[in-house]
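Undergrad: A structural model of the following input is requested.
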Amino acid sequence: KVKVIHRGVDLNLFSMQPIPEEPIFICLSRLIKSKGLMEYAQAAAIVKRDSPHARFLLYGFPDEHYDSISEKEITDTWNEKYGIEYLGFSSNPQESISQASVYVLLSYNEGTPRSVLEAMSMGRAIITTDVSGCRETVQEGRNGFLVKVQCPDSAANAMQSLLDEPLRRKMGLESRKYCEEKFNVHSVNDAIIQHINLI
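TA: Just a heads-up that it's a prediction; the model follows:
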């Protein structure tokens, strides 16, 4: 029986990129609550109280959804309230992710998240929630941290651990290795084809 992974990442398109020395966290997401954006913002505020040099970037775009967050609210209030730097829609994920040293996605539920795989492939440490889909991208303590869903304190604790530059760099390198081991899109496609041929 072949175990099929339904999503991979192009390791050449999302190539390893230099990791900034500064603690710069980033999230790319639709602007909806179930992506964990409120928790991201609240965790950022906790971290910045003691570590004001840490930066928290958010790229996103509005989405008509039952739990949408107003883009105007984010633009008008989140920088002052939480320290979030909102940068609008990202037309170039590679360039956006390159700016940061840690990728964060605090979704309530998820398939295998493409943005996390892209960040891993580019050599970024990962903070994500311990829910199906997300948890498959992180080997706890190797390439990042799994945190409790809907828990800003849990996310903030992981962020505070990754204020350590050598740890960010080590986990970023492990993210790339883990992608090469498990999420190479060509290997994933081969596994899917093999699985289909066995049916």
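Undergrad: Surely residue 97 and residue 117 touch.
TA: No - assessed by C-beta atoms under 8 Å, residue 97 is found out of contact with residue 117, at 11.1 Å. C-betas here are computed from N, CA, C, even on glycine.
Undergrad: what touches both of the two?
TA: By the contact definition C-beta atoms under 8 Å, 6 or more residues apart in numbering, residue 97 and residue 117 are jointly contacted by residue 14.
Undergrad: What ranges in this protein fall below the confidence cut-off?
TA: Scanning the chain for pLDDT under 70 picks out 1-6, 186-199.
Undergrad: tally of neighbours for the residue lying closest to residue 124 once chain neighbours are set aside?
TA: Leaving aside its sequence neighbours, residue 124 sits nearest to residue 103 (C-beta to C-beta, 6 or more residues apart in numbering; 4.5 Å). By other C-beta atoms under 10 Å, 27 other residues sit near residue 103.
Undergrad: Was I right to think residue 58 contacts residue 89?
TA: No - contact criterion C-beta under 8 Å: residue 58 and residue 89 do not qualify, at 11.1 Å.
Undergrad: of those two, who's got more company?
TA: Neighbours per residue (other C-beta under 10 Å) separate residue 58 from residue 89, with residue 58 holding more: 25 against 11.
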